[in-house]
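J.: here is a sequence with its predicted model. Questions after.
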Amino acid sequence: TYVRGITMTSLLILYVGSGLLLIIISIPLIQRRIPPNIWYGFRIPQILNNPELWYPVNEYGGRGFVWIGVITIVTALGLYFPLYNILDLYASVCAVVMIVSLTVHVILTFRYLGTLKKK
């Protein structure tokens, strides 16, 4: 069914694709293959010029992004059929799960950075 030009299948593809993209971009961070740069990774001034912080913080961040990707995919797939005829609710729940997960993870990554700086 079409609702305002968007189908449930389009949203499913969007959310599953977003989850997969998060997982894919996380792999080089987890493997510590991305050097400090201004484009890719957890980029804040206090770690950009400090490889001793950059690599562990971005590895930690990457691992969290993998989990967020998995959570997003599971949510999108798990709610697809139960909410099939309720497009707005499906879109909203998937978006909230992703946004809340990302927000919590950013906070946890800052906390992790704080523990590294104390060492």
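T.: Structure received. Numbering: from 1, shown residues only.
J.: where does this protein dip in pLDDT?
T.: Across the chain, the ranges flagged by pLDDT under 70 are 1-5.
J.: max-length helix in it?
T.: Looking across the chain with DSSP state H, the single longest helix is helix 87-118.
J.: okay, buried residues for it please.
T.: Leu87, Tyr90, Ala91, Cys94, Ala95, Val97, Met98, Ser101, His105, Thr109, Tyr112, Leu113 (16 or more other C-beta atoms under 10 Å). No exception for glycine: its C-beta is placed from N, CA and C like everyone else's.
J.: what's the closest of the residues you listed to Pro51?
T.: Leu113 (13.9 Å; C-beta to C-beta).
J.: if I look at the closest one, how far off is Val100?
T.: Using C-beta to C-beta, to the nearest Å, Leu113 is found at 21 Å from Val100.
J.: any idea how far Trp67 is from Ile23?
T.: 9 Å.
J.: when those two are compared, which one has more neighbours?
T.: Counted by other C-beta atoms under 10 Å, Ile23 and Trp67 do not tie: Ile23 has more neighbours, with 18 against 14.
J.: now the more buried one. Nearest residue, chain neighbours left out?
T.: Leaving aside its sequence neighbours, Ile23 sits nearest to Gly69 (C-beta to C-beta, 6 or more residues apart in numbering; 3.9 Å).
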